[in-house]
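With the input below, show me the fold.
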Amino acid sequence: MTEYKKNPYFYASGADSIKSSLVSVETRDENEQDLKIPKNVRFNNTKTTQFKSFFFNNISGGEDPMFYFITNLNGPDAAIVYVRPEVYDASGLDDQVLYTAFGRMDTYPESTSYEYKTDIKAANWEDPYGFKIFLPDKIFRKGKLYIGLKPQQGD
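Residues are numbered from 1 along each chain as shown. All right, here's what the predicted structure looks like:
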């Protein structure tokens, strides 16, 4: 599984309508042979989606307050985390960056101390789950992951 920050498939029909990051999946069987997956396949979330509540805190006491939440990871695999504010209206936001997300194992991240950073755009909203944050594989290990959301100033 690979996450592309910008769509590498610019030649495909409708490619210009993709505003969020893009995930590419390659599958192989037990003999390491490529499996062919139809282009129109949809993967459903068969498990119950767990929403994480978050809280506002200024950990460093400086000018860098963030919203924080904590989640448990099962290992170094890729993961998707959803953050759902109680009130959200996407009208007129287009592809605006709303938050910068910072991830760090075992303790609260700050904008100068983190293991992973990504932008959360209005286009990352997925009803009814909330904002989708994709965590690439091999960055985090099993354990508690602390994620901080730093609000970005609108234009």
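
What ranges does this structure have for its strands?
Per DSSP state E, the chain has strands spanning 2-4, 22-24, 55-57, 66-73, 79-83, 97-105, 116-121, 125-126, 130-135, 143-151. These are given in chain order.

Where in the chain is the helix or strand with the lowest mean pLDDT?
Evaluated with mean pLDDT, DSSP states H and E, the helix-and-strand set of the chain has its lowest mean pLDDT in strand 55-57, which scores a mean of 54.

just to revisit the earlier point, make CSV out of the strands of the chain and add distance to Gln33.
For every residue, glycine as well, the C-beta is placed using N, CA and C. Compiled in CSV, the strands of the chain are given as follows (distance: least, CB to CB, whole Å):
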stretch, distance to Gln33
strand 2-4, 19
strand 22-24, 18
strand 55-57, 48
strand 66-73, 30
strand 79-83, 27
strand 97-105, 34
strand 116-121, 32
strand 125-126, 33
strand 130-135, 27
strand 143-151, 34
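
between the ones you listed, which one is nearest to Asn40?
With distances scored as CB to CB, the stretch of those nearest to Asn40 is strand 22-24 (16.0 Å).

Quick check: the gap between the nearest residue to Asp77 once chain neighbours are set aside and Asp29.
Counting by CB to CB, 6 or more residues apart in numbering, Asp137 is the residue found nearest to Asp77 once chain neighbours are left out, at 5.3 Å. In this view, Asp137 and Asp29 are 20 Å apart by CB to CB, to the nearest Å.

Same drill for those two, tell me which one is more crowded.
A count of neighbours by other CB atoms under 10 Å puts Asp137 above the other of Asp137 and Asp29, at 13 against 8.

What residues are bridge-paired with Ile147?
When bridges are assigned using DSSP bridges, the partners listed for Ile147 are Phe69, Gly103.

got a markdown table for the strands of the chain, with mean neighbour count too?
Putting those into a markdown table (neighbours: other CB atoms under 10 Å) gives the following:
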| stretch | mean neighbour count |
| --- | --- |
| strand 2-4 | 13 |
| strand 22-24 | 13 |
| strand 55-57 | 10 |
| strand 66-73 | 17 |
| strand 79-83 | 18 |
| strand 97-105 | 20 |
| strand 116-121 | 17 |
| strand 125-126 | 17 |
| strand 130-135 | 18 |
| strand 143-151 | 19 |
